[in-house]
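> Quick one, what's the 3D model for this:
(chains A, B, C and D)
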Protein chains: 2
Amino acid sequence: MRETTPVPIRERTRRLAQTELTSVAQDLFVAQGYDGTTVDQIAAAAGMSKRTFFRYFPSKDDLVIGKYDLFADRMAGALDDRPADEPVWMSLRRVFDITLDYVQDDQQRARNDAMDEIVRSSPQLHARYLEKMQRVQELLIGRVAARLTNGGPTPSDPRPAAIVGAAFACMHAARQAWFASDRSEAFGSYLDDAMGIFDIDPASPSTIRSATSTSSDPSR
Amino acid sequence: MRETTPVPIRERTRRLAQTELTSVAQDLFVAQGYDGTTVDQIAAAAGMSKRTFFRYFPSKDDLVIGKYDLFADRMAGALDDRPADEPVWMSLRRVFDITLDYVQDDQQRARNDAMDEIVRSSPQLHARYLEKMQRVQELLIGRVAARLTNGGPTPSDPRPAAIVGAAFACMHAARQAWFASDRSEAFGSYLDDAMGIFDIDPASPSTIRSATSTSSDPSR
DNA sequence: CCCTTAATGACACCGAGTGTCAAATTTGCA
DNA sequence: TGCAAATTTGACACTCGGTGTCATTAAGGG
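Sure, this is the predicted structure:
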């Protein structure tokens, strides 16, 4: 079928170096903290110079949060795989399923949790994590918008972004709650609970309303 | 009543210097961009040294996004002012009203919009903005949780965070849509539209469910 | 007017990134 | 295998954000 390697050898060695750096860096982070670890240390531990490190990662942050880019593509693909006539809210719930079986073996899971802990520990990293998630949402918003208005595009419609944002808020809330729990219950249950609050299909394509209603506050 | 000045003179001159710095910096930002403006330039333009700048602001970022801390207190206070028996979703909608009359005179509004544009232009700033918003939400989540479970506290309940997060997602979506529009319609209309998607009261205290339901995907 | 206290500036320093360029390495090709 | 081109790497210097230190200066209070 393919005579040339689908992933050229350049790229493969490159990724190898990246995973090596990530692994080495992670050990240093858990030992000294994120801010307490310099790029020089990481590079030296991986047997390269600081300058070379920045040829593999655009920044120290990206070593940690770069993986979320793959995550974005995964979710977008998962949404595309959902049947077009499925209610959007349900589709999003199903898309979040890929966050469940994202980790299979315990070895990988432990490393993943360690990285998440690092992200949570540094405000700097957490901020960039939120921004990455925002970008993920933007990918999905376009698709949701296409579903809702399967015809003439309705510009400046807040509903797609609201729906996707609300879904992510639910996922985030479930995640927080699950982390705070004893983890005896499945994460999916928390997700169902959070998203179930808004369990009616929030916006069926038939009930498109125009932005005309203006509510006033009676108690002011 | 008070013999001593409620805001001591030290603090007043300090704030004066801060607003002066903010004003000067903003001009430089619009002229050269955020990243293209160094702290040295800002400090020099305000007639002080770099070191002194960092005595007024902990970082260059805080000069821009520091104001959102006040915003957080405002919103928390606004939520406290809502009647306790009001549906939570409605209360949140009302809390967002303070974002509407946040800007009164056009002069201030123009400066505000310029700052928002700066925040939007820099990924760095945008990330920190999102993090600030997260902190605002945490303030509100505690209050919402207290409302929902007015009795025994239910730890690791994803619903308060989900509700608040969803409300903010709606506000953010409305904001985006409004900015993308021709601004002929009131921002409040967009907000009503976005939040109206989830117009049933999402979680009345009487319908507290436990995290036991586990949905399965029939189409898999 | 003096004395205490706070604000400031100058300086040195650190860490994240970036540009540059020569040396080393790898790859493709004969 | 051998050689030339392309790529990778390391070393160096530099910028910028941010911090610690300390002597100098300004301010406030009696």
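> The top helix by length along chain A and chain B in contact?
For chain A, the helix with the greatest residue count under DSSP state H is helix A:123-148. Yes. Using Cβ under 8 Å from any Cβ of the partner chain, we find that helix A:123-148 touches chain B at A:123, A:126-128, A:130-131, A:134. Glycine gets a C-beta too; all of them are placed from N, C-alpha and C.
> With stretch A:100-117 instead?
No. Stretch A:100-117 stays out of contact with chain B when judged by Cβ under 8 Å from any Cβ, the minimum separation being 10.9 Å.
> ok, which residues in chain A are in contact with DNA strand C?
Taking Cβ under 7 Å from any atom of the strand as the criterion, chain A approaches DNA strand C at residues A:9-10, A:13, A:37-40, A:50-51, A:54, A:58-61.
> and those residues, which of them are in helices?
Using DSSP H, the subset of these located in helices is A:9-10, A:13, A:39-40, A:50-51, A:54, A:60-61.
> where in chain A is pLDDT low?
In the predicted model, chain A carries pLDDT under 70 at residues A:1-7, A:101-105, A:150-153, A:199-220.
> Can you tell me the centre-most residue of chain A?
Closest to where the C-alpha atoms of chain A average out (Cα atoms, centre = their mean) is A:Met133, at 4.9 Å.
> Distance check, that residue against B:Gly165.
12 Å (Cβ to Cβ, to the nearest Å).
> now do A:Leu16
A:Leu16 is 39 Å from B:Gly165, where distance means Cβ to Cβ.
> Looking at those two, which is more packed in?
Taking neighbours as other Cβ atoms under 10 Å in any protein chain shown, A:Leu16 and B:Gly165 compare with B:Gly165 leading, 26 against 10.
> surely the more buried one meets A:Ala169?
Yes. In this structure, B:Gly165 is within contact of A:Ala169 by Cβ atoms under 8 Å, at 2.6 Å.
> what's the burial count for the residue nearest to A:Arg147 when sequence neighbours are not counted?
Distances taken as Cβ to Cβ, 6 or more residues apart in numbering or on different chains place A:Val88 nearest to A:Arg147, at 6.0 Å, with adjacent residues excluded. As a burial measure, A:Val88 scores 24 neighbours (other Cβ under 10 Å).
> now the helices for chain A?
Applying DSSP H to chain A gives helices spanning A:9-32, A:39-45, A:50-56, A:60-65, A:67-81, A:88-95, A:106-121, A:123-148, A:158-180, A:187-196.
> For DNA strand D, give me its nearest residue in chain A.
A:Thr52 (3.1 Å; Cβ to the nearest atom of the strand).
> who are the neighbours in contact with that residue?
A:Ala43 (Cβ atoms under 8 Å, 6 or more residues apart in numbering or on different chains).
> Then the one 5 residues further on?
Contact criterion Cβ under 8 Å, 6+ apart gives A:18, A:21, A:63, A:66 as the residues in contact with A:Phe57.
> Can you list phi and psi of the residue nearest to the last one when sequence neighbours are not counted for me?
For A:Gly66, the nearest residue in space outside its immediate sequence neighbours is A:Phe57; the separation is 6.9 Å by Cβ to Cβ, 6+ apart. When quoted as degrees, to the nearest 10, the phi and psi of A:Phe57 stand at phi -130, psi 130.
> next one: A:Ser122
phi -110, psi 120.
> ok, now how distant is it from DNA strand C?
11 Å (Cβ to the nearest atom of the strand, to the nearest Å).
> How about A:Glu86?
A:Glu86 sits 41 Å away from DNA strand C, going by Cβ to the nearest atom of the strand.
> And A:Val95, by the same measure?
With Cβ to the nearest atom of the strand as the criterion, A:Val95 and DNA strand C are 31 Å apart.
> Next up, the contacts around the nearest residue to that residue once chain neighbours are set aside.
Nearest non-adjacent residue to A:Val95, counting by Cβ to Cβ, 6+ apart: A:Ala78, 4.5 Å away. Shown in contact with A:Ala78 (Cβ under 8 Å, 6+ apart): A:94-95, A:97-98.
> thinking again about what came up before, of the contacts of A:Phe57, which are in range of DNA strand D?
Checked against DNA strand D using Cβ under 7 Å from any atom of the strand, the contacts of A:Phe57 give no members in range.
> So which bits of chain A are right by DNA strand D?
Residues of chain A lying near DNA strand D (Cβ under 7 Å from any atom of the strand): A:10, A:14, A:17, A:47-49, A:51-52, A:55-56.
> So which of these is the closest to DNA strand C?
Closest approach to DNA strand C among these (Cβ to the nearest atom of the strand): A:Arg51, at 4.8 Å.
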